[in-house]
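>>> Sequence and predicted model, in that order:
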Amino acid sequence: MSSNKVLDEQRQGEATMLDTIEKGAKKLYLESYGCQMNFSDSEIVASILSERGYATTRNAEEADLVLLNTCSIRDNAEQKVRNRLTHFNAAKRKKPDLMIGVLGCMAERLKSKLLEEEKLVDIVVGPDAYRDLPALIEEVSDGRKAVNVLLSREETYADISPVRLNSNGVTAFISIMRGCDNMCSFCVVPFTRGRERSRDPESIVHEARYLHQEGYREVTLLGQNVDSYRWNVSKKGDVIDPDKEVVNFAGLLEKVAQVAPDLRVRFSTSHPKDMTDEVLQTMARYENICKYIHLPVQSGNTDVLKRMNRGYSREWYLQRIDAIRRYMPDCAISTDVIAGFCGETDDEHADTLSLMEEVQYEFAYMFKYSERPKTLAERKYQDDVAEELKQRRLSEIIELQNKSSLRRNKAALGKTFEVLVEGLSKKSDEKLYGRNSQNAVMVFDRGDIEIGSYVMVKAVDCTSATLIGEVISKK
Ligand code: SAH
Ligand code: SF4
Ligand code: F3S
């Protein structure tokens, strides 16, 4: 399986264990769920705990500490974690010293409920409180339960150098901001991650440079809404310190692109209401900024978008797609779609299908609407689309997207792409996989090609998910 595929599955809420850090007396078993930011946070947690003598293990049975970094985005994401907690609690009955902790968005959402009502865990730590983990573990060792779910306006963990755990040594994530100030009515993230704040650009560039020196060849800049990245400028646009540089997302992207021509740069997630032409122009100017944009649409109907509080209309979104195509005719575009949001009619659903037909996305993450406690939608609207109808609409969306992905891949046949080699193909040790700039996964013969190198690969065959390639030349 390609790492791209792994990521796709991670985003659907699959768990991934981290690779091991070997030294250390005590053993930490860490499982992560949810979005890329959570996986990135787990690398910060591992870093904080490695300094306190914790080595990570892939074997939960030998662990002294089990931590689940959790996601609350949809109800099924939380259910998965509850099942895992039940499982680890059974193990704890045989090994009473075992500590079990919940980190991340579910910790923030449920706070001490997980300790008091459900008695499933010893430690509950929200996304802005990871520096406090060693102290909380101490408290548990002294026989107490420990909670810290304080959200912060400042914390970006900028000075902590993440331990690259589940790594292929080629691609890495860099968090550039935390939190989200949008209030999409369906979304729990503003409640679990707190206010939006951007990380010091210098520390971001420094991390990119360090990764490049270590042999990494691709970085993905992460944020819930990367287009609202801003440094040294207030939300209203006032400069904070006149002696210092003001940096917006386009500026940051450029700085990271200049680290090295052979370091690819990706980013996620763009927001249609905030994505500027300046960002698109910067992307077009630098060959090493990958020609791929994830631009979640959620719905193709303006009234639904209004109920979702997304801040743009169907027309605005399509105009953004036109702008992408104008600056970068070869840019791939993917999206997120929600089926069956509150009050969605057949006609409104049909607008989502027609928009997808029009854009012809390379890829999409597609979900059934899941009502989340405390969100605007929960307070204001009825979750009134019947489960069966949601499922039917989702199936139609998925079917349409599969056709679109296949059509996109077929259009790539015969073309040659520069591919960054990421690793051995899951299916065969004789094959390698990597991605082209457009984020399409390509599989090709191994020969004597090294992982982490660039090769020119011609697409000769495809499925809807993968391009089968022939190596034309090494770079
Ligand atoms: N910050 C990103 C999205 C983060 S959440 C953005 O604004 O685009 C990832 C995706 O999960 C969202 O794009 C949305 O499609 C989906 N999602 C979020 N809340 C959901 C809910 N309550 N039910 C179903 N899907 C949801
Ligand atoms: Fe949620 Fe909207 Fe923020 Fe994305 S932009 S994290 S969907 S509130
Ligand atoms: Fe899930 Fe939290 Fe990410 S809710 S999607 S882990 S920000």
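That came through fine. Ligands and ions are numbered 1, 2, ... in the order given.
>>> Can you tell me which residues in the stretch 151-300 of the chain are near ligand 2?
Within reach of ligand 2 by Cβ under 6 Å from any ligand atom, the stretch 151-300 of the chain has these residues: 180, 182, 184, 187, 189, 190, 224, 225, 271. For glycine as for every other residue, the C-beta is placed from the backbone atoms N, C-alpha and C.
>>> rerun that using 8 Å as the cut-off
180-184, 186-190, 193, 224-225, 269, 271, 296, 298 (Cβ under 8 Å from any ligand atom).
>>> Mark which of those are buried, thanks.
The neighbour count (16 or more other Cβ atoms under 10 Å) marks 180, 182, 184, 186-190, 193, 224-225, 269, 271, 296, 298 as buried among these.
>>> Could you identify the pair within the residues you listed that is furthest apart?
Checked with Cβ to Cβ, these reach their widest spread between 193 and 298, with 18.4 Å between them.
>>> Please parse this protein into its domains.
The chain resolves into domains spanning 3-148, 167-290, 292-411, 416-474 when parsed by automatic domain parsing.
>>> export those to TSV and tack on distance to residue 158 and mean pLDDT?
Shown next, in TSV, are those (distance: least, Cβ to Cβ, whole Å; pLDDT from 0 to 100):
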stretch	distance to residue 158	mean pLDDT
domain 3-148	10	86
domain 167-290	4	96
domain 292-411	24	98
domain 416-474	27	95
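>>> where do the strands sit along the stretch 1-150 of the chain?
16-17, 26-32, 54-56, 65-70, 99-103, 123-125, 146-148 (DSSP state E, counting those that start in this stretch).
>>> Out of those, the one nearest ligand 2 is which?
Checking these against ligand 2 by Cβ to the nearest ligand atom gives strand 65-70 as the closest, at 16.0 Å.
>>> Could you confirm whether the closest one reaches ligand 1?
No - applying Cβ under 8 Å from any ligand atom, one finds strand 65-70 separated from ligand 1 by no less than 14.3 Å.
>>> Ok, stretch 103-123 next?
No - if you take Cβ under 8 Å from any ligand atom as the test, stretch 103-123 misses ligand 1, and the best it gets is 10.3 Å.
>>> do the same with stretch 207-224
Yes - Stretch 207-224 comes into contact with ligand 1 (Cβ under 8 Å from any ligand atom), by way of residue 224.
>>> start to end distance for that stretch?
With Cα to Cα, to the nearest Å as the measure, the ends of stretch 207-224 fall 20 Å from one another.
>>> can you list contacts of it?
36-37, 40, 161, 169-180, 182, 189, 193, 196, 204, 229, 252-253, 256, 259-260, 262-269, 290, 420, 452, 454 (Cβ atoms under 8 Å, 6 or more residues apart in numbering).
>>> Is it possible to mark the buried ones in those residues?
Among the contacts of stretch 207-224, those buried by neighbour count (16+ other Cβ under 10 Å) are 36-37, 40, 170-180, 182, 189, 193, 196, 204, 229, 252-253, 256, 259, 263-269, 290, 420, 452, 454.
>>> Mind checking which of the residues you listed land in strands?
171-175, 177-178, 264-268, 420, 454 (DSSP state E).
>>> Those residues: which two are farthest apart?
Using Cβ to Cβ, the pair of these lying farthest apart is 178 and 454, separated by 32.2 Å.
>>> Show the contacting residues for the closest residue to ligand 1 within the stretch 301-450 of the chain.
Residue of the stretch 301-450 of the chain nearest ligand 1, by Cβ to the nearest ligand atom: residue 336 (3.4 Å). Contact analysis of residue 336 by Cβ under 8 Å, 6+ apart lists 294, 296, 297, 298, 364, 365, 366, 367.
>>> Include distance to residue 154 when you put the domains of the chain into TSV, please.
TSV is the format used below for the domains of the chain (distance: least, Cβ to Cβ, whole Å):
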stretch	distance to residue 154
domain 3-148	9
domain 167-290	6
domain 292-411	24
domain 416-474	33
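>>> Need those domains in CSV (columns: distance to ligand 3).
Formatted as CSV, the domains of the chain follow (distance: least, Cβ to the nearest ligand atom, whole Å):
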stretch, distance to ligand 3
domain 3-148, 3
domain 167-290, 5
domain 292-411, 9
domain 416-474, 19
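>>> now for those, which one comes closest to residue 156?
Nearest to residue 156 among these is domain 167-290; the distance by Cβ to Cβ comes to 4.0 Å.
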